[in-house]
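A.B. asks: sequence and computational prediction follow.
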Amino acid sequence: MSVIEKVSSISNELSEILEFASVNEVIKADFDNYLKTIGAYRESEVKIRSILVSYVFERILNENKDTVFSLYLNDKKLDAHRKSLVKAFQESMNTVFEVVSVKKNAFELYNLVNEKNYTVIPLVKMSHLRGIYKGTFMLARIFCFENEYYLLEVGEVMSTLKKDEMLKLAVAKIIEEPERVYADNIDKYKEIEQELKHFNKKFVECFETDEVVTMNTAADNIIASFNDYCFEENADAQSIRAMIEHPETYGYSQIAEFNNSYSNYLENSLAGFSSHSKRYDVGIIYDSELGLYVVPFWGTLCNIFESDDYKNIEGYIECVKQFIENDKMPANLLLRLNNRYPEFLNRVNEIYNSEFTFDELLNKFKAHFLNNKIFSPTSVLYSSKAFSDLMGYIPVFEKKKSAAKPAVKPGRNDLCPCGSGKKYKKCCGMV
């Protein structure tokens with residue numbers, strides 16, 4: 001099949017899916033509510049059509065995790081070719097790119113999230129994509145079909161002067177879905193795995209355990225000091241352990257600063273725990289398989305499962321539900337609690353008025369983690385060039401790629417060999 005025939009096939013299938021979404025009763029009702037929720041119900045037909053495209057690719061319709069694609073596949077009798085095309089749509093990537101070059105019938109794009117280059121064929125004529133040139137940035141959706149990548153939609157285009165904004169968006173996407181970084185980049189996956197082994201060893205060496213509970217006022221300094229400990233040969237682990245502030249009481253409450261909205265998650269995360277107005281306990285946990293987790297109210301959560309008078313712990317029901325239902329908390333942490341506390345499952349079932357087995361609990365609330373290996377957002381950020389670039393530690397990726405790897409590892413306070421002008425510990429040697 002020629003490229004022209006493929007493009008035609010892709011366009012036709014996407015049109016069929018959009019038409020299906022427009023007439024299917026379940027999808028149509030949900031889409032109408034979605035438009036009202038985002039305040040777009042009275043938008044023009046052209047704008048609503050554009051919103052529908054994003055909706056089709058992103059929307060989870062119900063507790064059964066149905067999508068427009070799954071309903072479409074169940075409703076239509078498709079041949080193998082069309083089924084494979086729908087599956088390719090399902091696995092599309094909506095992410096942040098820098099335009100490396102513009103070719104006659106394709107773009108060469110660099111993915112700021114997974115640090116990989118893609119040659120993508122647009123589904124419209126190149127003349128319809130004026131204003132996209134080398135050095136510009138775009139928020140776009142691409143997908144792979146029969147070993148070729150296609151540009152499905154362009155959500156936003158920004159000039160080189162807006163690089164910081166696009167880096168910020170890339171980092172927000174990493175925090176939201178850390179698996180984006182390595183899902184299509186096996187080299188990055190291996191790099192992160194190697195880093196995890198190193199940092200896990202250093203964590204246990206530093207704290208003499210894989211889990212620390214402290215107060216939020218101390219958490220930032222402890223994490224920063226541990227970062228230094230990973231590279232300073234003469235760093236004093238005992239002085240780092242002395243920073244731990246053990247909680248005197250436990251209890252759960254809502255923290256105003258916790259806001260996971262797309263626009264301000266990064267700012268609030270980078271501000272640190274010590275900036276929060278309330279004092280509360282924080283768990284700093286190193287999972288050997290997935291990496292570093294910093295979990296608010298972890299000490300309170302543990303007390304709920306180990307204390308006989310757990311019902312006297314303030315907000316105990318909300319604390320358990322927040323942890324169980326939080327889609328950022330991995331199945332590994334539930335397994336840790338279940339293995340440690342004999343009463344874990346009994347108390348969860350009491351709170352939910354249920355009779356879950358542990359496997360049923362995982363399948364209901366943590367199925368995504370069971371089907372995918374998802375490293376912790378913190379650990380993935382440590383290996384992200386976009387995050388380092390955003391924080392001002394390293395130069396743009398073109399310079400970074402051209403830097404020769406030093407034959408001998410430089411000292412922490414030496415100038416970084418990548419040419420950034422920064423000290424090694426604040427550049428390529430950053431954890």
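C.D. replies: Looks like it came in fine.
A.B. asks: contact partners of whichever strand or helix holds C302?
C.D. replies: Under the criterion of DSSP states H and E, C302 resides in helix 298-306. Helix 298-306 is touched from outside by 213, 247, 250-252, 280-283, 285, 295, 310, 313, 315-316, 319-320, 323, 337, 340-341, 343-344, 347, with contacts defined as C-beta atoms under 8 Å, 6 or more residues apart in numbering. In short, each C-beta sits where N, CA and C put it, glycine included.
A.B. asks: which pLDDT value belongs to S277?
C.D. replies: Predicted confidence (pLDDT) for S277: 78.
A.B. asks: I394 now?
C.D. replies: Value for I394, per-residue pLDDT: 42.
A.B. asks: again with the one 5 residues further on
C.D. replies: Per-residue confidence at K399 stands at 38 (pLDDT).
A.B. asks: quick check: phi and psi at the most centrally placed residue in the chain.
C.D. replies: In the chain, the C-alpha nearest the mean C-alpha coordinate belongs to E177, at 2.1 Å (C-alpha atoms, centre = their mean). The phi/psi pair for E177 (degrees, to the nearest 10) reads phi -140, psi 90.
A.B. asks: could you dump the helix holding C302 to PDB, C-alpha only?
C.D. replies: The C-alpha coordinates for helix 298-306 follow below in PDB (Å, rounded to 0.1, in the frame of the first residue of the first chain):
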ATOM      1  CA  TRP A 298       2.100   8.100  54.900                       C
ATOM      2  CA  GLY A 299       2.800   7.800  58.700                       C
ATOM      3  CA  THR A 300      -0.900   8.500  59.400                       C
ATOM      4  CA  LEU A 301      -1.900   5.800  56.900                       C
ATOM      5  CA  CYS A 302       0.400   3.300  58.500                       C
ATOM      6  CA  ASN A 303      -1.000   4.100  62.000                       C
ATOM      7  CA  ILE A 304      -4.500   3.500  60.700                       C
ATOM      8  CA  PHE A 305      -3.600  -0.100  60.000                       C
ATOM      9  CA  GLU A 306      -1.400  -0.800  63.100                       C
END
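A.B. asks: tell me the first helix or strand C-terminal of it.
C.D. replies: Using DSSP H and E, the helix or strand that directly follows helix 298-306 along the chain is helix 316-325.
A.B. asks: what residues does stretch 27-34 touch?
C.D. replies: So stretch 27-34 is in contact with 20-22, 41, 52, 55, 59, 61, 68, 71, going by C-beta under 8 Å, 6+ apart.
A.B. asks: in it, what counts as buried?
C.D. replies: Within stretch 27-34, the residues that count as buried by 16 or more other C-beta atoms under 10 Å are 27, 30-31, 34.
A.B. asks: those residues in helices, which ones?
C.D. replies: Here DSSP state H is the test, and the buried residues of stretch 27-34 give 27, 30-31, 34 as lying in helices.
A.B. asks: residue ranges in the protein under the pLDDT threshold?
C.D. replies: 1, 127, 233, 256-271, 392-431 (pLDDT under 70).
A.B. asks: one more time with 50, if that's ok
C.D. replies: 260-270, 393-409, 417-422, 430-431 (pLDDT under 50).
A.B. asks: helices of the stretch 51-200 of the chain, residue ranges please.
C.D. replies: For the stretch 51-200 of the chain, the helices defined by DSSP state H, counting those that start in this stretch occupy 68-75, 80-90, 163-176, 186-207.
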